[in-house]
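**Q** Quick one, what's the 3D model for this:
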Amino acid sequence: MSDLSEKDVKALNDKNAKIEAILNKKADELASDDEIDSMMNKVADKIVAKVDLGDMVRQIVGVAADEEEQHQKEVTKEGNPAKPTGSAGEEMLARMNESHAALTMWGLSHFDWRGDENVLDIGCGGGANLKHMSARIKTGHLTGVDYSKVSVQESRKLNADDIEDGKMDILEGSVEKLPFEDDSFDKITTVESFYFWPDPPENLKEVYRVLKPGGTFLLIAEIYGRPDLSDAVQENIIRYHLYNQTPEVFGRIFREAGFTNVEIHIESTEGWICVEGKKE
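**A** Here you go, the predicted structure:
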């Protein structure tokens with residue numbers, strides 16, 4: 001070693017320094033890889049935790065939906081859709097006001113409005129249909145009739161302003177014998193109530209009696225005799241003894257009651273039905 005010149009020693013030291021630098025860099029890289037592995041493991045743990053949380057949320061939502069569905073079934077059973085009663089009837093009517101909104105607006109679109117008509121809604125339920133039609137009436141008058149005290153009560157609450165202004169009356173009565181004079185109304189509607197009428201073919205004659213010549217009656221419904229009804233719907237038809245006929249039968253009983261120019265409208269997406277009958 002003593003034979004090495006100062007220059008050679010310096011060159012050797014520089015080489016050793018480079019080797020040491022390379023080794024240190026590699027050690028740092030290995031440490032970085034460990035850090036990356038650690039970070040990846042943490043990310044993976046978080047992903048798993050989120051997936052587990054997502055499953056938990058979905059399970060909670062599913063349970064809540066099942067419980068709400070069961071609750072609504074109990075409300076419908078206790079509230080009696082044929083003739084709403086009690087607090088369950090009130091809750092059911094509020095739900096129907098919302099759930100039937102789209103159906104109602106579609107059905108009412110088959111009317112041509114002037115704004116001065118005298119209008120009757122049979123089976124007015126929670127009063128939403130009357131409220132929708134009130135927006136179309138400027139100088140006319142609206143009347144609702146229902147044989148359920150709870151329905152009359154809830155309809156009056158919803159339409160309190162129109163009643164106070166003298167624009168609307170809501171009465172307790174039955175379609176079997178409507179408390180009105182012959183030829184009283186320009187327009188008559190029934191939304192989701194025809195199923196429960198005591199004797200639908202015969203009751204249609206009573207509707208015809210109170211409709212003015214030139215007037216129009218609309219029967220608006222979600223359910224009627226068609227092959228694609230779900231098992232749940234068919235069970236309800238049996239449970240609640242719903243009058244559920246085909247469009248052809250609806251057309252026939254309307255004509256037999258005296259209505260002319262009978263038209264059957266079927267909504268293309270939802271499959272709803274609106275039977276339109278006129279009085280000459």
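**Q** any idea how far residue 200 is from the spatially most central residue of the chain?
**A** Centre of the chain computed as the mean C-alpha position; nearest residue by CA atoms, centre = their mean is residue 99, 3.7 Å away. Distance, residue 99 to residue 200, by CB to CB, to the nearest Å: 23 Å. For every residue, glycine as well, the C-beta is placed using N, CA and C.
**Q** ditto for residue 223
**A** When distance is defined by CB to CB, residue 223 is 14 Å away from residue 200.
**Q** what ranges do the strands span in the stretch 51-200 of the chain?
**A** 118-122, 141-146, 168-172, 185-191 (DSSP state E, counting those that start in this stretch).
**Q** Would you mind pulling the contact partners of stretch 175-183?
**A** Defining contact as CB atoms under 8 Å, 6 or more residues apart in numbering, one finds that stretch 175-183 is touched by 120, 122-123, 143, 145, 147, 171, 173, 190, 197-199, 203, 206-207, 209-213.
**Q** now it, how far from the chain's geometric center?
**A** Centroid separation for stretch 175-183 versus its chain: 32 Å, with CA atoms, centre = their mean, to the nearest Å.
**Q** for the record, mean pLDDT for that stretch?
**A** Across stretch 175-183, the average pLDDT comes to 97.
**Q** cool, and stretch 242-259?
**A** 97.
**Q** could you pull out the helices for the stretch 151-280 of the chain?
**A** Here the stretch 151-280 of the chain has its helices, by DSSP state H, counting those that start in this stretch, at 160-164, 200-210, 231-239, 247-256.
**Q** The longest one packs against which elements?
**A** What that stands for is helix 200-210. Contacts defined by 3 or more CB pairs under 8 Å, 6 or more residues apart in numbering; DSSP states H and E place helix 200-210 against strand 185-191, helix 247-256.
**Q** again, 7 Å this time
**A** On a contact count with 3 or more CB pairs under 7 Å, 6 or more residues apart in numbering; DSSP states H and E, helix 200-210 meets helix 247-256.
**Q** just checking, what packs against the helix it packs on?
**A** Using 3+ CB pairs under 7 Å, 6+ apart: helix 247-256 touches helix 200-210, strand 260-266, strand 273-278.
**Q** Could you list the buried residues of the first one?
**A** To tie it back to what came earlier, the one meant is helix 200-210. Neighbour-count burial for helix 200-210 flags 200, 203, 204, 206, 207, 208, 209, 210 (criterion: 16 or more other CB atoms under 10 Å).
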